[in-house]
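> Here is a sequence together with a model predicted from it:
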Amino acid sequence: MKMRKLLRGGILVMTAIIGGMAVVGAQGAEPIATPSAREILSRIKSGHPRLLMDAAGFERLKKEIPQNPDLQRYFNRVQEDARAILKDPPSKYEIPDGLRLLNTSRRVMNRVYALAMMYRLQGDKAFAERAWQELEAAASFKDWNPRHFLDTAEMTHAFAIGYDWLYDCWTPEQRQILAKAVAELGFKPGLEIYRKNSGWTRARHNWNQVCNGGLGMGALALAEVLPTEAGEILEAALKSIQLPMAEYGPDGAWAEGPGYWNYATSYNVVFLAALETALGTDFGLSKIPGFSEAGMFPIYATGPTGRTFNYADAGDGGIRSPSMFWLSWKFNRPEYAWCQRQVAYGSALDLVWYDGRGQKPAAMNLPLDKYFRNAEVVTMRGDWEGRDALWVGFKAGDNKANHSNLDLGSFVFDALGYRWAVDLGADNYNLPGYFGKQRWTYYRMRAESHNTLVINPGQGPDQVPTAATKIIKFQSTPNRAVAVADLTPAYAPQAQKVERGLAMLERRRILLQDEIKTAQPSAVWWFMTTPAQIRIEKDGRTAYLTQGKAELRVNLLSPAGAQFTVMDAVPLPTSPNPDGQRKNTGVRKLTIHVKDATDLRMAVLFTPVAGEMPPIVLPVVAPLAQW
């Protein structure tokens with residue numbers, strides 16, 4: 001499905017998602033005491049709309065749009081999308097993969113946002129009437145697919161906005177239809193899970209925020225007509241959502257990768273924003289340590305090419321998140337607003353939360369480098385200006401994190417306007433056992449598909465699936481940045497020590513160095529997946545990678561005797577290779593293979609070749625302990 005189809009005026013674009021992996025423990029503050037259902041409901045503001053924006057807010061927005069080019073552009077996009085929706089038939093109950101109604105739920109939600117926004121801004125009843133057709137159709141569904149509860153939550157979210165923003169358009173009978181659908185198809189299955197304190201209610205990942213956020217929106221919209229259910233849901237949601245919110249701490253990153261940062265944060269922010277507009281408070285949730293820093297992650301995790309460091313199950317597309325505007329206002333962080341303005345599609349929520357403040361990161365004196373603790377991710381860059389700047393993302397982290405790949409030690413980097421080291425991203429979520437026992441048999445999930453190390457490859461997982469690793473050194477100076485990861489837990493017991501260091505030298509070169517000690521002579525593989533054309537010199541110690549007119553020189557500095565080779569992006573002969581996996585076209589792997597290694601130091605230097613450069617001076621290979 002094309003992005004345009006998914007996005008139409010709504011909240012975000014994501015692929016279908018399923019949970020089920022282990023979770024990472026929160027690095028957390030003490031839980032926030034939350035109020036009782038009765039106290040929560042006593043704060044509800046009378047009248048509608050009250051979710052995200054009230055009537056006065058919509059009137060202000062009407063006046064601001066003609067005066068602001070950004071708002072005009074967003075308005076035109078939402079209007080274009082809403083007009084296109086008028087011609088589309090209402091959504092149908094469709095589970096094409098046998099599991100998920102999610103595309104339908106999200107389509108309904110995005111359509112309702114666009115149509116309701118255009119009605120509020122233009123007063124054309126055609127938009128409200130088309131929204132009713134969409135909601136009435138979904139209200140007649142046999143269920144909202146609670147076995148995959150994201151679907152239920154997003155549909156409840158859609159109905160909350162439709163009920164609240166278009167409240168004055170509906171007859172009492174129509175309101176009753178909407179309320180009954182939410183009660184039976186949303187609240188009822190949701191309350192069963194809350195009362196068991198199971199599943200996503202205890203998760204520390206995106207499922208928690210999406211499900212609590214969707215049900216919470218429904219509860220805030222229907223608090224007067226369904227007070228018992230709404231109160232119970234809000235009381236439970238305020239407790240439950242603290243679990244994943246603690247995972248942002250201390251620096252705002254997300255263990256599930258930038259794609260799921262967007263998904264989780266978008267729903268987290270919608271819920272907090274609705275609490276504030278409907279109740280006048282978020283009960284302190286936004287003060288959970290690390291949440292105010294969340295907007296730093298997309299700024300640093302995006303390279304100068306506009307592609308992200310797509311670790312875990314993620315694509316490398318840029319992050320468009322209206323939540324960045326809300327975070328900017330909430331925490332007085334105009335750099336977040338600047339980031340979103342560079343990429344905003346123009347959605348209903350871009351209009352609701354727009355913030356015109358902020359300048360380029362260089363003008364705001366943001367550091368070039370950043371270490372995100374807990375997620376254990378580092379990014380470095382040569383400059384904030386220009387698409388040709390050098391940038392690298394590097395990670396340690398926890399293989400138990402939801403949506404994780406066996407990618408500890410992996411890196412990606414941009415230079416000269418291209419991405420040279422790439423992460424292939426997720427495979428098909430519907431592959432057998434993708435979120436279960438077969439996950440580590442799939443090439444894209446394994447270390448061998450990532451830009452990291454493999455020791456003694458075989459049929460089993462090529463990193464320890466339960467391994468948690470740390471960045472043990474991080475330094476940033478004007479001319480140099482250094483990060484070192486202790487990857488030993490990922491390769492135990494075969495290795496007694498595995499450390500990987502990455503340094504940006506003179507802000508124009510990258511040095512990657514590995515130090516490995518094994519219990520017995522071992523085969524060590526070094527991999528880098530690239531879309532570039534690869535030419536290796538006769539001595540095997542220098543490789544030239546080209547994309548367009550851009551060139552990257554790669555020098556193998558250590559060990560003596562090792563050579564570069566080129567491989568297809570396919571499993572090693574000793575690895576599993578199940579049917580049904582995606583083809584990895586357009587990329588190959590630059591590799592180093594060292595046999596019978598016991599005490600190994602591998603060092604590789606990457607130098608973008610641009611114009612008239614000074615002679616390349618190869619650095620002396622020093623132990624990581626001296627970095």
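Looks like it came in fine.
> and His593, that's in a helix?
No: counting by DSSP: H, G, I helix; E, B strand; the rest coil, one finds His593 to be strand, located in no helix.
> what about the closest residue to it other than its chain neighbours, neighbour count?
With sequence-adjacent residues excluded and distances taken as Cβ to Cβ, 6 or more residues apart in numbering, His593 is closest to Trp525, at 5.6 Å. For glycine as for every other residue, the C-beta is placed from the backbone atoms N, C-alpha and C. Neighbour count of Trp525, defined by other Cβ atoms under 10 Å: 20.
> Show me what the helix or strand hosting Trp525 is packed up against.
Element membership of Trp525, judged by DSSP states H and E, is strand 509-530. On a contact count with 3 or more Cβ pairs under 8 Å, 6 or more residues apart in numbering; DSSP states H and E, strand 509-530 meets strand 418-421, strand 453-455, strand 495-505, strand 588-609.
> Quick check: the gap between the residue nearest to His593 and Pro465.
Distance, Trp525 to Pro465, using Cβ to Cβ, to the nearest Å: 19 Å.
> Same check on Val617?
Noted for Val617: a distance of 42 Å to Pro465, by Cβ to Cβ.
> and after the helix or strand Phe58 falls within, which helix or strand comes next?
In this structure, Phe58 is located in helix 55-64 according to DSSP H and E. The helix or strand immediately downstream of helix 55-64 is helix 69-86, counting by DSSP H and E.
> Report the mean per-residue pLDDT for that following helix.
What helix 69-86 shows for mean pLDDT is 99.
> How about the next helix or strand after that helix, which residues are buried there?
Using DSSP H and E, the helix or strand that follows helix 69-86 in sequence is helix 102-122. For helix 102-122, a neighbour-count test (16 or more other Cβ atoms under 10 Å) marks 102-121 as buried.
> Ok, stretch 164-171 next?
Buried-residue list, stretch 164-171, by 16+ other Cβ under 10 Å: Asp164, Trp165, Leu166, Tyr167, Cys169, Trp170.
> before we move on, what about stretch 507-523?
Neighbour-count burial for stretch 507-523, counted by 16+ other Cβ under 10 Å, picks out 507-516, 518, 522-523.
> Just give me how far the helix or strand containing Arg195 sits from the chain centre.
For Arg195, the host element (DSSP H and E) is helix 188-196. Relative to its chain's centre, helix 188-196 lies at 27 Å (Cα atoms, centre = their mean, to the nearest Å).
> Tell me the helices and strands packed up against it.
So helix 188-196, by 3+ Cβ pairs under 8 Å, 6+ apart, packs with helix 149-165, helix 206-221, helix 227-240.
> What angle do helix 227-240 and that helix make with each other?
Interaxial angle of helix 188-196 relative to helix 227-240 (axes from the mean of the first three to the mean of the last three Cα atoms, to 10 degrees): 50 degrees.
> which residues sit against helix 188-196?
143-144, 146, 149, 152-153, 156, 199-201, 211, 215, 229, 232-233, 236, 240 (Cβ atoms under 8 Å, 6 or more residues apart in numbering).
> That one to helix 149-165, inter-axis angle?
120 degrees.
> Which phi and psi values does Asn268 adopt?
As for Asn268, its main-chain torsions (degrees, to the nearest 10) stand at phi -60, psi -50.
> thought it was touching Gln209?
Yes: if you go by Cβ atoms under 8 Å, Asn268 and Gln209 touch, sitting 4.4 Å apart.
> The two: which has the busier surroundings?
The neighbour comparison of Asn268 against Gln209 (other Cβ under 10 Å) goes to Gln209, with 30 against 25.
> quick one, what contacts the more buried one?
Per Cβ under 8 Å, 6+ apart, neighbours of Gln209: Ile241, Pro244, Met245, Ala264, Thr265, Tyr267, Asn268, Phe271.
> Quick one: low-confidence residue ranges for the chain.
Low-confidence segments of the chain (pLDDT under 70): 1-29.
> So for it, which residue is the most central one in space?
Gly259 (2.2 Å; Cα atoms, centre = their mean).
> any idea which helix or strand carries it?
Assessed by DSSP H and E, Gly259 sits inside helix 258-279.
> other SSEs contacting that helix?
Counting by 3+ Cβ pairs under 8 Å, 6+ apart, helix 258-279 packs on helix 206-221, helix 242-245, helix 296-300, helix 323-331.
> If you compare the directions of it and helix 55-64, what angle comes out?
With the same axes, to 10 degrees defining the directions, helix 258-279 sits at 120 degrees from helix 55-64.
> residues in contact with the nearest residue to Gly306 once chain neighbours are set aside?
Leaving aside its chain neighbours, Gly306 sits nearest to Gly318 (4.8 Å; criterion: Cβ to Cβ, 6+ apart). Counting by Cβ under 8 Å, 6+ apart, Gly318 makes contact with Thr302, Gly306, Arg307, Thr308, Val343.
> Could you pick out the buried ones from these?
Going by neighbour count (16+ other Cβ under 10 Å), the contacts of Gly318 have Thr302, Arg307, Thr308 buried.
> how close does the closest residue to the first one other than its chain neighbours get to Leu366?
By that I understand Thr302. The shortest distance from Thr302 to any non-neighbouring residue, by Cβ to Cβ, 6+ apart, is to Thr308 (5.2 Å). Between Thr308 and Leu366 the distance, using Cβ to Cβ, works out to 17 Å.
> swap in Lys287?
Per Cβ to Cβ, Lys287 is found 23 Å from Leu366.
> Neighbour count: the two, which is higher?
When Lys287 and Leu366 are compared for neighbours, Leu366 comes out ahead with 15 against 12, by other Cβ under 10 Å.
> Who are the contact partners of the residue lying closest to that one once chain neighbours are set aside?
Among residues not flanking Leu366 along the chain, Glu335 sits closest, at 6.5 Å (Cβ to Cβ, 6+ apart). Neighbour list for Glu335: Gly295, Met296, Ile299, Ser328, Gly358, Gln359, Pro361, Met364, Leu366 [criterion: Cβ under 8 Å, 6+ apart].
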